[in-house]
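In: Structure for the following, please:
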Amino acid sequence: MPGEIGQRTKVVHVAQRDRGGRGEAVAALETFAREVELECNRTEPVMRTLGDLMDAYVEHCRRTGKRQGTIESYGMTTKRLTPALKTKPIVKLTAHDLDQFYGEPAKTLSANSIRQTNAVLRAALAQAVKWGWIVANPTAGATPPSAFGRTERLGG
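Out: You can find the predicted model right below:
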């Protein structure tokens, strides 16, 4: 019976013809391969939160020789995260969650600070993909403020 331990299973994915092309097919294949690899190597599911990831990423940056000022700025990014976002499991984090978060600090932070926060989150979540903690980076679909958006802060 397919799906039993030791049995081979054939999985077929049919790409939609009206979108993408070869590049999208290659990206879909890479994502699928990571999903299969994660499933094969999974021994016990670990629910890592965004806060856990940020702590691990800052430590990783420290070990790999990033400048102290850079590491401190990453720490400031972690402080900007809301408690709800910090405790959210990264496997459940969506671009929509990030877009909602980007709207919250817009009341007190400049668009540039929010873009910097997005850049750090994007790098940390990309590292989580490399570590095999998640399959895809949710910041890819998120929309931080544009570089040429408003010129003044709201709420102050």
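
In: element containing M54, please.
Out: helix 50-63 (DSSP states H and E).

In: Skipping adjacent residues, who's closest to F101 in space?
Out: Excluding the flanking residues, the one nearest F101 by Cβ to Cβ, 6 or more residues apart in numbering is L85, at 5.4 Å. Glycine gets a C-beta too; all of them are placed from N, C-alpha and C.

In: ok so that neighbour is a strand residue?
Out: No - using DSSP: H, G, I helix; E, B strand; the rest coil, the assignment for L85 is helix, not a strand.

In: surely it meets T77?
Out: No - with contacts counted by Cβ atoms under 8 Å, L85 stays clear of T77, the gap being 11.4 Å.

In: Mind splitting the protein into its structural domains?
Out: 1-44, 50-141 (automatic domain parsing).

In: Averaging pLDDT over each of those, report the lowest-scoring one.
Out: Ranked by mean pLDDT, these bottom out at domain 1-44, with a mean of 65.

In: Break down the chain into its helices, ranges please.
Out: Using DSSP state H, the helices of the chain run over 22-41, 50-63, 68-80, 83-86, 95-103, 111-131.

In: can you redo the ones you listed as CSV with distance to P144 and mean neighbour count?
Out: As requested, those are exported to CSV (distance: least, Cβ to Cβ, whole Å; neighbours: other Cβ atoms under 10 Å):
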stretch, distance to P144, mean neighbour count
helix 22-41, 22, 11
helix 50-63, 16, 18
helix 68-80, 13, 14
helix 83-86, 14, 14
helix 95-103, 5, 16
helix 111-131, 4, 18
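
In: possible to save those as CSV with distance to T143?
Out: Below are these laid out as CSV (distance: least, Cβ to Cβ, whole Å):
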stretch, distance to T143
helix 22-41, 20
helix 50-63, 18
helix 68-80, 17
helix 83-86, 16
helix 95-103, 6
helix 111-131, 9
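
In: Nearest to A142, out of those?
Out: Across the helices of the chain, A142 has its closest neighbour in helix 95-103 (3.9 Å, Cβ to Cβ).

In: quick check: angle from the closest one to helix 68-80?
Out: Helix 95-103 runs at 100 degrees relative to helix 68-80, counting by axes from the mean of the first three to the mean of the last three Cα atoms, to 10 degrees.
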